[in-house]
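Asks: here is a sequence with its predicted model. Questions after.
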Amino acid sequence: MYNMVMWNTQPRQQMDENQLAFLASQGNEQLNQAALQEMLSAQQAMQEVGNAQNIEVPKVNFYPNSHADPRKARRKDIRQAYKLLQPAKRSIFNPMRTLFGKKYRYNKDTGTCVVDGCNCANLIQHDNLYMRICDDETSRSLWDMYWSNPVTGQPEAFIAQDKVTNGKKMRGTYCPEHLHLFHLLVKWEAEEDKQNEMNPNRLRDKVRRGVSIVTVPVSSVKKKDMTPAMLQKYEPFFAELEKDAGKTKGISVLHYANPQTGQNDVTMVVFDLRIFQFEMQQMNMPTQEFQALLNQEALKVQNIPVEQKVEGAVMSAGM
């Protein structure tokens, strides 16, 4: 059994809200407290599943950089994330690589992590952590963002690439812990590209290629806040409710506006325990579409020639 992510030199069990806030206040601005909390929750969830089901879970040693310059800290985090997300390669002296061209160790199927060989299909059957790990800004889960077909909406395995964010598509995927790091990497690179676009040299290059830069003024009117002073202290509570309502249907925030003034007169918060219990059951149970996907992968394995199966068994026994 592996241990989970180590945060600098401090064990993750001792991390509290104050320590997370201190860690988020330095270095990469995009690695805020909410993102760190999602990472910590994911680590704890995977550790619990590993202990309960005796499943081997990955060890992701990501150390947030604490450089005084946030941009330099983000660049260092990006380089570290690329290093941790590289698919595992076989030794150049391994016969599987030199004779059979199998460069990557865990490039097997869509149910195997290309970094650590974690059995993601088995993990989903016990507890679908992809649905429990969410983006700190949009509250969308990794399952909705990466394990769903963008057109049909049906479950579809995320396929990793040999150069992490580009390159040739592989046959494997990322486990929940590595996929969350991949998601953060994509956000960091998007912010890096956004800042690079503001470079004067980049703007001059666009003008040389015939691209005109036009600034369109946008006027915004700030609405007057009609919330009484006594109720303003509850705003963080309702912000958390709105965030969690995007993750589950068991929380509903109902607003009843006055038909004459248009102002919100009555606000109700509903917690439905039945929906909570149903969603927990659904998380621990793969959907029919994903089960069909697993069955297809099993058929692919069965159709592999006998010579390759014997060869793989011999190499596994030798290692």
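Replies: Received it, and whenever you're ready, just let me know what you need. All figures in this text were calculated on a predicted structure; none of them were measured in a lab.
Asks: do a quick rundown of the helices in the stretch 201-319 of the chain.
Replies: Using DSSP state H, counting those that start in this stretch, the helices of the stretch 201-319 of the chain run over residues 235-245, 273-283, 288-302, 306-318.
Asks: go through these and find the least confident stretch.
Replies: Mean pLDDT per stretch puts helix 306-318 lowest among the helices of the stretch 201-319 of the chain, at a mean of 44.
Asks: surely Thr165 is in contact with His183?
Replies: No. Taking C-beta atoms under 8 Å as the definition, Thr165 is not a contact partner of His183, at 11.2 Å. For the C-beta atoms, the positions are set from N, CA and C on the backbone; glycine is no exception.
Asks: of those two, who's got more company?
Replies: Counted by other C-beta atoms under 10 Å, Thr165 and His183 do not tie: His183 has more neighbours, with 20 against 13.
Asks: could you look up the SS state of the more buried one?
Replies: helix (DSSP: H, G, I helix; E, B strand; the rest coil).
Asks: distance of it from Trp143?
Replies: 12 Å (C-beta to C-beta, to the nearest Å).
Asks: in the stretch 101-250 of the chain, what spans have low per-residue confidence?
Replies: The model of the stretch 101-250 of the chain has pLDDT under 70 over residues 212-226.
Asks: how does this protein divide into domains?
Replies: 12-198, 227-278 (automatic domain parsing).
Asks: check the offset of the last one from the chain's centre.
Replies: Just to be clear, that refers to domain 227-278. On the basis of C-alpha atoms, centre = their mean, to the nearest Å, domain 227-278 sits 27 Å off its chain's mean C-alpha point.
Asks: and that domain, how far apart are its ends?
Replies: Taking C-alpha to C-alpha, to the nearest Å, domain 227-278 runs 36 Å from one end to the other.
Asks: heads up, I number from 15, so please use that
Replies: With the count now opening at 15, the last piece we talked about shows up as domain 241-292.
Asks: for Gln40, which residues are in contact?
Replies: 80, 82, 87 (C-beta atoms under 8 Å, 6 or more residues apart in numbering).
Asks: so Thr124 sits right up against Ile173, yeah?
Replies: Yes. With contact defined as C-beta under 8 Å, Thr124 reaches Ile173; the gap is 6.8 Å.
Asks: shared neighbours of those two, anything?
Replies: By C-beta under 8 Å, 6+ apart, the residues touching both Thr124 and Ile173 are 185-187.
Asks: my read is that Trp202 contacts Asn42, right?
Replies: Yes. If you go by C-beta under 8 Å, Trp202 and Asn42 touch, sitting 7.1 Å apart.
Asks: and those two? Which one has more around it.
Replies: Between Trp202 and Asn42, counted using other C-beta under 10 Å, the more crowded position is Asn42 (24 against 19).
Asks: still on that earlier bit, settle it for me: which of Thr124 and Ile173 has more neighbours?
Replies: Neighbour totals were compared for Thr124 and Ile173, and Thr124 leads with 21 against 14 (other C-beta under 10 Å).
Asks: what sits closest to that one if chain neighbours are left out?
Replies: Leaving aside its sequence neighbours, Thr124 sits nearest to Ala171 (C-beta to C-beta, 6 or more residues apart in numbering; 3.5 Å).
Asks: before we move on, the earlier item: and of the domains of the chain, who's closest to Gly224?
Replies: Judged by C-beta to C-beta, the one of those that comes nearest to Gly224 is domain 26-212, at 17.2 Å.
Asks: if we can go back for a sec, tell me the most buried of the domains of the chain?
Replies: Of those, the one with the most neighbours on average (mean count of other C-beta atoms under 10 Å) is domain 26-212, at a mean of 17.
Asks: follow-up on the earlier one: can you redo the domains of the chain as JSON lines with distance to Arg218?
Replies: Putting these into JSON lines (distance: least, C-beta to C-beta, whole Å) gives the following:
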{"stretch": "domain 26-212", "distance to Arg218": "12"}
{"stretch": "domain 241-292", "distance to Arg218": "42"}
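Asks: Arg223: which of the ones you listed is closest?
Replies: Arg223 lies closest to domain 26-212 among these, at 14.0 Å (C-beta to C-beta).
Asks: where along the stretch 65-214 of the chain do the helices fall?
Replies: 84-99, 109-112, 134-140, 156-160, 190-211, 214-222.
Asks: what does the shortest one contact?
Replies: When contacts are taken as C-beta under 8 Å, 6+ apart, the neighbours of helix 109-112 outside the stretch itself are 103-106, 116-117, 329.
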